[in-house]
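J.: Below is the sequence, then the predicted model.
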Amino acid sequence: MGQANLNRQFVPLDFEDLDNPTFIQFLRSPESSTYWVMRRCVWHSMRSPYRLYCSLSRSQMAAYSGGQVSERTITTDIARLVAKKIIEVISTGREPIYVLGNWCHIEGVYTEVFFLKAYVQDRKEGTN
């Protein structure tokens, strides 16, 4: 039991985001569940520019949803996330790779900076 808990992962959220109506609106959006599945499976690139990638197929994303979301819905969600500039898509000739943000060196520490943060901030300031 104790070892299993050490290996558990989590997605950190700023309390500031939870106080932001734009962030809460995003959480309630249909594409939010697809985004969080991608975020759960993010990996870091060690090449420049340091990127945060997800390489799940649509069928894998649907499986993570427990069968509650179809691959067609995932496709629609991805299009919405791209339109909002929350993710970017890299075509590879096989399964696409999704870019969710950057892995930045800030004040001596590597920090994950997701495009979602910029989207929420822009919407809050009315620039998007």
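T.: Received it, and whenever you're ready, just let me know what you need. Numbers count the residues shown, from 1 in each chain.

J.: which helices and strands sit right next to the longest helix along the chain?
T.: Identified as the longest helix of the chain according to DSSP state H is helix 71-83. Secondary-structure packing of helix 71-83 (3 or more C-beta pairs under 8 Å, 6 or more residues apart in numbering; DSSP states H and E): helix 32-40, helix 58-64, strand 88-90. The way it works is simple: take the backbone N, C-alpha and C, and place the C-beta from them, glycine included.

J.: between the ones you listed, which one is nearest to Q121?
T.: Closest approach to Q121 among the helices and strands packed on helix 71-83 is made by helix 32-40 (16.3 Å; C-beta to C-beta).

J.: Need the residues that contact whatever helix or strand comes next after that closest one.
T.: Per DSSP states H and E, the first helix or strand lying C-terminal to helix 32-40 is strand 43-44. Strand 43-44 is contacted by residues Y50, R51, L52, Y53, C54, S55, W103 when judged by C-beta atoms under 8 Å, 6 or more residues apart in numbering.

J.: wait, isn't the last one in contact with Y53?
T.: In other words, W103. No - using C-beta atoms under 8 Å, W103 is not in contact with Y53; the gap is 9.7 Å.

J.: Grab the most central residue of the chain for me.
T.: For the chain, R39 is the residue whose C-alpha lies nearest the centre (C-alpha atoms, centre = their mean; 3.8 Å).

J.: residues contacting the residue nearest to that one when sequence neighbours are not counted?
T.: Leaving aside its chain neighbours, R39 sits nearest to V11 (5.7 Å; criterion: C-beta to C-beta, 6 or more residues apart in numbering). Contact analysis of V11 by C-beta under 8 Å, 6+ apart lists W36, R39, R40.
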